[in-house]
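Asker: generate coordinates for the sequence data below:
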Amino acid sequence: MSHALGGRSFADWLSLLFLVACWGSTFALTKTALESMTPLWIVSLRLCIGVIAVMAVLRLRRERLPRRPVLWAWLAVIGSLAVVPFFLISWGSQHIDTGLSGILFGIGPLVTIAIAHFVVPGERMTLFKLSGLVVGFCGLVVLIGPGALAGLGGGDLELLAQFAMVGAAAGYSVQGICAKLMPDLSPIQKSAGAFLCAAIISIPLAWTMEADLPLGASWRSLAATAAMGVFATALAGTVMFRLIHSAGPTFLSLTHYLIPLYVLVLGVVLLGEETSARELLALALVVSGIALSEWRGHARQARLASNENRRL
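Answerer: Model prediction:
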């Protein structure tokens, strides 16, 4: 069977869930890495480890990095758009609670659909799609707890950290759109080229802005950074580019809503935590929002395809 829920392939949904699992662990790993490392060095080391891993896969697959300058221009832009969110999340996590970070990060799908409507073919905004994303965002707020919104504002540092999280969400949205628009390369080529550019950008920044190498970093911090490099950067990056190609940046942005649910389910399954009525309501809202945004658009595509076949 070629299609599953909402007209997406099973591979698309599995890829989405894989990204949720990888990226859902990033916030906790970042907190651990920050115990003895500074944000920019976390980003730089994460990217360097990711580049080594993805280049090894590229070699095993006997693929090569692209040579055309125009492709490297696109990869440099996408790499820059990886460095910025990585740093903003690492820096912002020092100054605001994770719950508020999750809510602010949840604006990503709304930013994606707004921009993609104008620049990405086949990603037009519809009332159903927008309504679904809004319902999903409401579910995110309910899940984390409206009380987290009480942290909005605060002192200058807290306010800057909040803007950092919003900027990270917007950066990921623009990155996904650029990856969709750039000339076609294989997912592993895009991942290797983009992260190579990102590493080249981030190392001088870390050296200039945060001085010495983190030679005194603890093993816990280094292990957390290595895990982010291999799983949340190399593997997840390759899967991300494949998913953008097959399903589009708006579908990818649904990870922003599913990651908090992943954390909730992990707590129930591994730690035996109990769920509340509020959490079940949030689950229903997020799932309903995703179903609403996905179902209508693909029902319309199916009708158009059917009409086209009849004409032929």
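Asker: so Cys178 makes contact with Trp74?
Answerer: Yes - look at Cys178 against Trp74 with Cβ atoms under 8 Å: they come within range, at 6.9 Å. Quick note: C-beta positions are derived from backbone N, CA and C, even for glycine.
Asker: who has more neighbours, these two?
Answerer: Legend: neighbour count by other Cβ atoms under 10 Å for Cys178 and Trp74, higher for Trp74 (22 against 19).
Asker: enumerate every residue touching that one.
Answerer: The contact partners of Trp74, taken as Cβ atoms under 8 Å, 6 or more residues apart in numbering, are Cys178, Met182, Pro183.
Asker: how much space separates it from Ser15?
Answerer: 22 Å (Cβ to Cβ, to the nearest Å).
Asker: repeat for Ser36
Answerer: 34 Å.
Asker: and Lys190, what does it touch?
Answerer: Listed by Cβ under 8 Å, 6+ apart, the contact set of Lys190 reads Leu75, Ile78, Ala179, Met182, Phe241.
Asker: tell me the average confidence for stretch 257-264?
Answerer: In this model, stretch 257-264 carries a mean pLDDT of 79.
Asker: could you list the low-pLDDT ranges of the stretch 101-250 of the chain?
Answerer: Applying pLDDT under 70 to the stretch 101-250 of the chain picks out residues 148-151, 211.
Asker: how about the helices in it?
Answerer: 108-119, 127-144, 156-181, 187-209, 219-227, 236-247, 249-252 (DSSP state H, counting those that start in this stretch).
Asker: run through the neighbouring helices and strands of the longest one.
Answerer: The helices and strands touching helix 156-181, judged by 3 or more Cβ pairs under 8 Å, 6 or more residues apart in numbering; DSSP states H and E, are helix 69-92, helix 98-105, helix 108-119, helix 236-247, helix 249-252.
Asker: TSV please, covering these and showing distance to Gly216.
Answerer: Below are the helices and strands packed on helix 156-181 laid out as TSV (distance: least, Cβ to Cβ, whole Å):
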stretch	distance to Gly216
helix 69-92	18
helix 98-105	26
helix 108-119	35
helix 236-247	29
helix 249-252	37
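Asker: of those, flag the one that's most buried.
Answerer: Between these, helix 249-252 has the highest mean count of neighbours, a mean of 28, where neighbours are mean count of other Cβ atoms under 10 Å.
Asker: centre of the chain to it, how far?
Answerer: Per Cα atoms, centre = their mean, to the nearest Å, the displacement of helix 249-252 from the mean C-alpha position of its chain is 10 Å.
Asker: repeat for stretch 133-147
Answerer: Worked out by Cα atoms, centre = their mean, stretch 133-147 lies 18 Å from the chain centre.
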